[in-house]
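Visitor: Pasting the sequence and the predicted coordinates here, then a few questions.
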Amino acid sequence: AFVCPIHPSREIKMFCFTDGTFGCHDCIDKKPDHWKCERVKTQNRAIGIVYQHFREARCESHLEDLASHFCLSENKGRCPKCVSECVKGGHQLSVLNDLYNSQMNLIEEFD
C-alpha cells in the first residue's frame, strides 16, 4: 500500500507541488500552504509527478536555470546562484536529488 508517512493507517491520495510531498487527504487539507495539489491514483502517475516536480524544477528567481536545491524555508526551488543567499539567510536547504530519491523510495511501496 501507498501509506501516508504521517498517518500510517491511511493511504496517500495527493501530491503537493507547493512543498513536494505526498500525503493523505488530512495532511493536505489541514495545511493552508498546500494550495497546488494533484490527486494520485496510480504508481505511474506518482512517478510522473515526482519527476516533473524535482527533475525539471526551475529556480524561482532565475527561471532560465534548473534548480539544484529546494529551500525548505521558502518552499521554492533554488539554483546554485541563490543557494549562498539562502545559506546566509539561515534557510534550511535540501539537495533536489535527495528529495527526489526519498519520494521515489516512497513510491516503490505503492501497489
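Guide: Perfect, I can see it now.
Visitor: Wasn't residue 97 part of a helix?
Guide: Yes: under DSSP: H, G, I helix; E, B strand; the rest coil, residue 97 falls within a helix.
Visitor: What distance do you get for it to residue 60?
Guide: Using CB to CB, to the nearest Å, residue 97 is found at 18 Å from residue 60. Where C-beta positions appear, they are placed from N, C-alpha and C, glycine not excepted.
Visitor: can you pull the buried residues of stretch 60-76?
Guide: With burial defined by 16 or more other CB atoms under 10 Å, the residues of stretch 60-76 counted as buried are 67, 68, 69, 70, 71, 76.
Visitor: Now do it: everything it contacts.
Guide: 18-20, 33, 54, 56-59, 77-83, 86, 89-96, 99 (CB atoms under 8 Å, 6 or more residues apart in numbering).
Visitor: what's the nearest residue to the most centrally placed residue in the chain if we skip its chain neighbours?
Guide: Residue closest to the average C-alpha location in the chain (CA atoms, centre = their mean): residue 20, at 1.4 Å. Closest residue to residue 20 apart from its sequence neighbours, by CB to CB, 6 or more residues apart in numbering: residue 53 at 5.5 Å.
Visitor: and the gap between the residue sitting furthest away from the middle of the chain and residue 76?
Guide: Largest separation from the mean C-alpha position in the chain: residue 88, at 23.1 Å (CA atoms, centre = their mean). Taking CB to CB as the measure, residue 88 falls 16 Å from residue 76.
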